[in-house]
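*Asks:* Need a 3D model of the sequence below.
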Amino acid sequence: MKYYIEGWNAKQAWIDLGQEERGAYMAQLAPAIQQLSEQGVEILSWGINDADTDKRLAFDFFAIWRFPTDEFAKTFETMVADAGWHNYFEQQNMKGSPASPQDVIGKLIGM
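*Replies:* As a prediction, this is how the structure comes out:
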């Protein structure tokens with residue numbers, strides 16, 4: 001299992017689109033998201049990054065996904081790129097397997 005966290009901001013190309021064009025673009029993504037869901041991919045949350053977050057990452061929006069395998073996560077990355085998402089949004093990602101606090105602390109200590 002892999003957790004996948006996206007953070008993104010709208011680029012000027014997105015802002016320059018009209019609302020109808022933005023809506024049409026988002027609507028064309030729905031079938032791909034539905035297909036992922038049917039294959040066991042879970043959307044844990046989409047959200048808007050609170051402005052008052054301490055040490056806030058410089059992204060206005062985020063999504064948290066759970067993928068059954070790393071291969072699904074990599075397929076998702078390809079789907080996002082092929083859909084032209086990066087034409088409209090600046091994005092950074094994080095991906096990893098679930099771990100306990102003790103596992104992560106052990107990794108930090110062992111560095």
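*Asks:* going forward, measure contacts between C-alpha atoms and count neighbours the same way
*Replies:* Noted.
*Asks:* Distance from stretch 98-111 to the middle of the chain?
*Replies:* 24 Å (Cα atoms, centre = their mean, to the nearest Å).
*Asks:* An error on my part: the question was meant for stretch 79-86.
*Replies:* That offset, for stretch 79-86, works out to 12 Å (Cα atoms, centre = their mean).
*Asks:* so where do the helices sit in the protein?
*Replies:* 12-16, 19-38, 70-82, 85-88, 101-109 (DSSP state H).
*Asks:* Export those to JSON lines and append columns for mean pLDDT and mean neighbour count.
*Replies:* JSON lines is the format used below for the helices of the chain (pLDDT from 0 to 100; neighbours: other Cα atoms under 10 Å):
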{"stretch": "helix 12-16", "mean pLDDT": "98", "mean neighbour count": "12"}
{"stretch": "helix 19-38", "mean pLDDT": "93", "mean neighbour count": "12"}
{"stretch": "helix 70-82", "mean pLDDT": "94", "mean neighbour count": "14"}
{"stretch": "helix 85-88", "mean pLDDT": "98", "mean neighbour count": "16"}
{"stretch": "helix 101-109", "mean pLDDT": "95", "mean neighbour count": "10"}
